[in-house]
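Engineer: okay, predicted coordinates and the sequence, questions at the end:
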Amino acid sequence: MSETMNLHQAPETKTLHRALWAGRIMSASVVIALVADGAIQLFAPAQIASMLQETGFAMDMTRVVGPIILACAILYAIPATAVLGAILVTGFLGGAICAHVRIGELGSAPEIISLLLGTMTWGGLYARDPRIRAILPLIR
């Protein structure tokens, strides 16, 4: 009887294992993108000077925004603070989208990238954290 139960549980275990790894990959992609953005803000702000100017941000804001992005990435990467990190990442990305909407760049590449990163932030967390799946069940 227990062997029959184990056979039925194996596909579910494989699915959860795959979801966990998919979540880790999505989350790692988000963290890598945020760390890269934060590093550019801190160490190579001249590379993004034209974009900052277009969106109405002063160059000296990179010294503030860079550490904020890095802090969000770190909080999201740590499992114990991942939910707080996801909320902060979503807020940051929402602000980035808003900045591009404000200047009339609806549907621009930075907006789409921000939207995808935000989706991957919560999708990755959903796939790798059973507590999030319990709060937000997609299928019952």
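Structural biologist: Nice, I can see it.

Engineer: ok, residue 101 touching residue 111?
Structural biologist: Yes. Under the criterion of CB atoms under 8 Å, residue 101 makes contact with residue 111 at 7.3 Å. (C-beta placed from N, C-alpha, C; glycine too.)

Engineer: quick one: the helices in this structure?
Structural biologist: 2-43, 49-55, 62-77, 82-102, 109-128, 130-135 (DSSP state H).

Engineer: could I get these as TSV with mean pLDDT?
Structural biologist: Putting the helices of the chain into TSV (pLDDT from 0 to 100) gives the following:
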stretch	mean pLDDT
helix 2-43	81
helix 49-55	79
helix 62-77	94
helix 82-102	93
helix 109-128	94
helix 130-135	89
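
Engineer: let me have the ones you listed in TSV, extended by mean neighbour count.
Structural biologist: Listed next are these as TSV, based on neighbours: other CB atoms under 10 Å:
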stretch	mean neighbour count
helix 2-43	14
helix 49-55	13
helix 62-77	18
helix 82-102	18
helix 109-128	18
helix 130-135	12
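
Engineer: relative to residue 51, how far out is the spatially most central residue of the chain?
Structural biologist: To find the centre residue of the chain, average its C-alpha atoms and take the closest one (CA atoms, centre = their mean): that gives residue 121, at 3.0 Å. Shown here: residue 121 relative to residue 51, a distance of 22 Å by CB to CB, to the nearest Å.

Engineer: then residue 81?
Structural biologist: From residue 81 to residue 51 the distance is 29 Å (CB to CB).

Engineer: again, but for residue 100
Structural biologist: As defined by CB to CB, residue 100 lies at a distance of 10 Å from residue 51.

Engineer: overlap of the contact sets of these two?
Structural biologist: When CB atoms under 8 Å, 6 or more residues apart in numbering defines a contact, the residues bordering residue 100 and residue 51 alike are residue 110.

Engineer: and residue 105, how far from residue 54?
Structural biologist: With the distance defined as CB to CB, residue 105 ends up 8 Å from residue 54.

Engineer: what does residue 17 give?
Structural biologist: For residue 17, the distance to residue 54 (CB to CB) stands at 44 Å.
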